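Enquirer: model this:
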Amino acid sequence: IAVTVITVFADLAIAVIAGIIVSALVFAWEHAKIQARVDYDDDGKKVYRLNGPLFFASVTSFSEQFDVDNDPNEVIIDFRNARVMDSSGVEAIDALTAKYKVEGKKLTLRHLSQDCKNILKIAGPFCTYEVDDPTYKVAVNV
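Expert: Take a look at the predicted model:
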């Protein structure tokens, strides 16, 4: 509808660009939440199972999922149902890893793509390598 209305007052090219911008904003708004289900494994490690995309719009929601101060000494973050979409997501993982490191807690990151593991500066050594790791690329600034 927005494209049609803008076309009446401007030309088609401007209307299409406006439509793309509106679509991108709607996407970001709808996907700005990443959720975590919390479990404990047989060894007593706390496991955060993430669901949703991790990108610039969901970084705040991602950071709010974790209780670094009160978490046990060993924590696992499972990205099986989550995807790291851009460099903001990578930076959020690195920042969270640094918080756990300062607290002296062992953090393990599971099911990240190889591309994401390669980009992580702080969290890279905390990633596990498993047969069923996903294969996707992360958008980064070049």
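Enquirer: How is this protein divided into domains?
Expert: With automatic domain parsing as the criterion, the domains of the chain are listed as 1-30, 35-126.
Enquirer: Buried deepest among those domains, which one?
Expert: domain 35-126 (a mean of 17; mean count of other C-beta atoms under 10 Å). (Each C-beta comes from the backbone N, C-alpha and C, glycine too.)
Enquirer: Would you state the helices of the chain in chain order?
Expert: Ranges of helices in the chain, per DSSP state H, are 2-9, 12-30, 59-64, 87-102, 114-119.
Enquirer: who's C127 bridged to?
Expert: On the basis of DSSP bridges, C127 is bridged to L109.
Enquirer: what separates it from A82, distance-wise?
Expert: 14 Å (C-beta to C-beta, to the nearest Å).
Enquirer: L96 too?
Expert: Distance from L96 to A82, by C-beta to C-beta: 13 Å.
Enquirer: Skip the chain neighbours and tell me the closest residue to the spatially most central residue of the chain.
Expert: Centroid-nearest residue in the chain: L54, 1.9 Å away (criterion: C-alpha atoms, centre = their mean). Using C-beta to C-beta, 6 or more residues apart in numbering and skipping residues adjacent in sequence, the residue nearest L54 is G89, 3.7 Å away.
Enquirer: What score does that neighbour have for pLDDT?
Expert: You'll see G89 listed with a pLDDT of 91.
Enquirer: Ok, K137 next?
Expert: pLDDT, K137: 69.
Enquirer: With F56 instead?
Expert: pLDDT, read off for F56, is 88.
Enquirer: do V38 as well
Expert: Reading off the model, V38 has pLDDT 96.
Enquirer: Next: S63.
Expert: Listed pLDDT for S63 reads 94.
Enquirer: Not counting residues beside it along the chain, what's closest to it?
Expert: Of all residues not flanking S63 in the chain, A92 sits nearest, at 6.2 Å (C-beta to C-beta, 6+ apart).
Enquirer: Report the contact partners of the one you found.
Expert: By C-beta atoms under 8 Å, 6 or more residues apart in numbering, the residues touching A92 are L54, V59, F62, S63.
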